[in-house]
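Q: Predicted coordinates and the sequence they were generated for:
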Amino acid sequence: MGTATPTRTRSSGTTAGPLPRVPRGVWAAAAAGALVVTAIALGIVWRPADDGLPDAGRLVVDGLPALRLVIMLAGGAVLGFALSAVALDPDAEGPSAGLITPSGRRDLGVAIEAAILLAMASTGYALLTLADVLGVPLGELSASVVSTYLWDVEVSRAALITALLAVAAAAGLSAARALGTALVWSVVAAVAVGLPGLTGHAAGLGGHSLALVSGFLHLVATAVWGGGVVALATHALRREPGTGERVRRFGVIAITSVAVIAVTGFAAAATRMDSFSELVTTAYGRTVLAKVLALVVAGGLGLMARRAWRSGGPGAAPGRMLLEVGALGIALGLAVALARSPFPREPIQLPTVGEDLIGYPYPPPPTIARVVLGWYPDWVWLATSLVAVGLYVVGHVMLRRRGDTWPAGRLASWVLGWTIVVWATCAGVAWYAPVSFALHMVSHMALAMAAPVFLVMGGPITLALRVLPPASGGARGPREWILWALHTPLTRFVTHPAYALFVYTVGLYGLYYTALYEKLMSTHLGHFAMQVHFLAAGYLFYWVVIGVDAGPRRLGYPARLIMLMASLVIHSFFAVPMMMTSTPMVPGWYALVRPPWLADPLADTHVAGGIAWGFGELPTLIVAIALGIQWARADDREARRQDRRADLDGDAELRAYNERLARLNAQGPAASGSPGAPGAPAASGSPAAPGSLGTGSDRVPGPPGGS
């Protein structure tokens, strides 16, 4: 008898065909092809430097692009196979629902190995970058030089943080057993993959936040798409059960990734070039066009492969998938070439150190028209606001077409909230905020205290849960992931009233009364992170206080009012010292970026304190009114509920309450606990004492809260 061919079995008992060995040489060939394309695009032919110039040597010059390619390939493998385990793998059923399947465990094993490779390559990249910056061969870097300068070089620091996050993701994924836990560590891995996109942008090029955010999202979306294709092709070539379901689920993810890659790629190129003609006239632009072509070909091949799978079965798709992987490898090689190529746009030479720090010339003296109606767009915040409003409007329209109702006030509140965000980040106040502490405080208070109130009252989570359909077959779709996120231990922790109040109020002291503010303002990424913190902290606080959306905790209305009043008091204690100080706030930053028209920094600080002290009154009043309305409506709903209950059971609760009081009254003072003569029982037929409840047809009010 011959040996049976190994097969893999579905949970339902059906079998799949024989499992051929995964052609890992195909992936190695794709990686090698990407490396060759990188070398050709960069024209890497190492030549010794001219006499007197620093020379890092062939190992450093050729090793940097090679390691960057390894980092991108490893990052794609981490996110692709983690995505396959968390979102693409057919879900377990019964008692194992929500747990990672055996197939998912194998995918996570690949992701863990790739995360370790990512950490090793990132560490090597940090060392080679330091050698390149210092202009010395790698072998001449001493331990003292590395320990002194490695963390000070921005790119090396980012590579080290990437390595640390990759190690943490590998450890977390190895211990994960539930899909939710694996998702959390996959997000950590995504941060590690996208972190290199936050470095390497010169301050003089303009479009700082756009370049940073687009670089981060571009790397993550590319890794998700490329790694997902590799993971999907691996399962397809193995003829594994459930691959058709994986293909179906990956379709939406692939389309979303391609859209993000297109938008962020255009944004990144726009911040590095001055005109469209440079796409043809410069080497950088021609490389951009070649990369776009490779991505278009990869996307077309991927679409053809998915259609072939749906129409012709598993045997029709792998060939096109392999071609898609090859096209993505070429695109990765060109991406590495772009990272090492000089930008066509020349840095703007600004006349002062302060203008160089903020990245643009000092604005003219402020006026009400310039501050309120001026326009200095931050494209990241503007795009985020437009997307958020657009998605909300789509959900609102979907509910209306379905015949459901959704309050128009919530739609208006959501739009107004994002309008305030756009004003605080894109209007003239954002232009002046980096150089005037008072106008910075206006932007801060608008982001932290005004916009979140209206955003929370929009109820976006409730709208999403009503619009998104439940996933079929026990799978986890967007609606299921939202419900999971609402009930995680992390959500329960951050929505604790003490934590929400602390982050919203006490965190201000740590920001403005320490050196943290100066450190954040010194980089464009830090400034953007600070704006995100303001908006997120305010949203979290008002989510707990207003409570329109469902959450793991729901406070009573007295507790909400106490939280609101406590925040107002703490904000006052934060602002009063600013109004009374004898020295300007944050002198380490505002002394460097002081424009000629700012004659008195101390007066600017005092105005900032007054703004912080007085700005909170109007949002607090709005929230207090909203809470009063909610409280009254909640009492009305409870009264109507008890009325309906009384109608159904014939007022049984009220009758039982009256009968109990009547029995106590009939038994006399000794039984009821009221004062009376010891041992003197009341006559059973005696009339009710004043203030007691009688019997018979007398109707009396029920207990407090009854009807």
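A: Received, thanks.

Q: what's the closest non-adjacent residue to residue 323?
A: Of all residues not flanking residue 323 in the chain, residue 301 sits nearest, at 4.9 Å (C-beta to C-beta, 6 or more residues apart in numbering). Any C-beta I mention is one placed from the backbone N, CA and C, and that applies to glycine too.

Q: Quick check, residue 609 in contact with residue 575.
A: Yes. The pair residue 609 and residue 575 passes the contact test of C-beta atoms under 8 Å, sitting 4.9 Å apart.

Q: What count of nearby residues applies to the residue lying closest to residue 257 once chain neighbours are set aside?
A: Leaving aside its sequence neighbours, residue 257 sits nearest to residue 225 (C-beta to C-beta, 6+ apart; 3.9 Å). Neighbourhood size, residue 225 [other C-beta atoms under 10 Å]: 30.

Q: And for residue 355?
A: Counted with other C-beta under 10 Å, residues neighbouring residue 355 total 18.

Q: if we can go back for a sec, residue contacts, the residue nearest to residue 257?
A: By C-beta atoms under 8 Å, 6 or more residues apart in numbering, the residues touching residue 225 are 253, 254, 257, 258, 261, 328.

Q: Those in helices, which ones?
A: If you go by DSSP state H, those have 253, 254, 257, 258, 261, 328 in helices.

Q: just curious, which of the residues you listed is nearest to residue 458?
A: residue 253 (27.2 Å; C-beta to C-beta).

Q: Tell me which residues of whichever strand or helix holds residue 111 come out buried.
A: Using DSSP states H and E, residue 111 maps to helix 102-134. For helix 102-134, the neighbour count (16 or more other C-beta atoms under 10 Å) marks 103-104, 106-108, 110-112, 114-134 as buried.

Q: Quick one: list the elements packing against that helix.
A: helix 58-83, helix 143-149, helix 154-175, helix 179-194, helix 208-237 (3 or more C-beta pairs under 8 Å, 6 or more residues apart in numbering; DSSP states H and E).

Q: Determine which of the ones you listed approaches residue 333 most closely.
A: helix 58-83 (6.8 Å).

Q: what about residue 469, neighbour count?
A: Neighbour count of residue 469, defined by other C-beta under 10 Å: 8.

Q: My reading is that it lies in a helix. Confirm?
A: No. Assessed with DSSP: H, G, I helix; E, B strand; the rest coil, residue 469 is coil; it does not lie in a helix.

Q: tell me which element the residue nearest to residue 504 when sequence neighbours are not counted falls in.
A: Spatial nearest neighbour of residue 504, chain neighbours left out: residue 541 (3.8 Å); criterion: C-beta to C-beta, 6+ apart. Element membership of residue 541, judged by DSSP H and E, is helix 524-546.

Q: Can you identify the element that follows that helix toward the C-terminus?
A: In N-to-C order, the element after helix 524-546 by DSSP H and E is helix 557-580.

Q: May I see the buried residues of that following helix?
A: 560, 561, 563, 564, 567, 568, 570, 571, 574, 575, 578.

Q: do stretch 502-516 as well
A: 503, 504, 505, 508, 512.

Q: If you drop the residues flanking it in sequence, what lies closest to the fourth one?
A: The reference is to residue 508. Closest to residue 508 by C-beta to C-beta, 6+ apart is residue 574, at 5.1 Å.

Q: same question, residue 103
A: Among residues not flanking residue 103 along the chain, residue 89 sits closest, at 5.6 Å (C-beta to C-beta, 6+ apart).

Q: Could you count how many residues lie near the one you found?
A: Using other C-beta under 10 Å: residue 89 sits among 27 other residues.

Q: give me the element residue 307 is part of.
A: In this assignment (DSSP H and E), residue 307 forms part of helix 283-312.

Q: now that helix against helix 208-237, angle please.
A: Angle, helix 283-312 to helix 208-237, by axes from the mean of the first three to the mean of the last three C-alpha atoms, to 10 degrees: 40 degrees.

Q: Let me know the average pLDDT across helix 283-312.
A: When pLDDT is averaged over helix 283-312, the result is 77.

Q: Repeat that for stretch 60-74.
A: Rounded mean pLDDT across stretch 60-74 is 86.

Q: Next up, the contacts around residue 608.
A: With contact taken as C-beta under 8 Å, 6+ apart, residue 608 is in contact with 437, 438, 440, 441, 578, 585.

Q: Give me the distance from the host helix or strand of residue 641 to the chain's centre.
A: Element membership for residue 641, per DSSP H and E: helix 617-649. In terms of C-alpha atoms, centre = their mean, to the nearest Å, the centre of helix 617-649 is set 34 Å apart from its chain centre.

Q: of the ones in helices among the contacts of residue 225, closest to residue 339?
A: For those, the nearest to residue 339 is residue 261 (15.4 Å; C-beta to C-beta).

Q: Am I right that that closest one is in contact with residue 223?
A: No. Residue 261 lies out of contact with residue 223 (C-beta under 8 Å); the separation is 10.4 Å.

Q: distance of residue 655 from residue 195?
A: Between residue 655 and residue 195 the distance is 69 Å, computed by C-beta to C-beta, to the nearest Å.

Q: ditto for residue 625
A: On the measure of C-beta to C-beta, residue 625 and residue 195 end up 44 Å apart.

Q: between those two, which one's more packed in?
A: residue 195 (23 against 10).

Q: List the residues that contact the more buried one.
A: Applying C-beta under 8 Å, 6+ apart, we find residue 195 in contact with 158, 161, 162, 165, 216.
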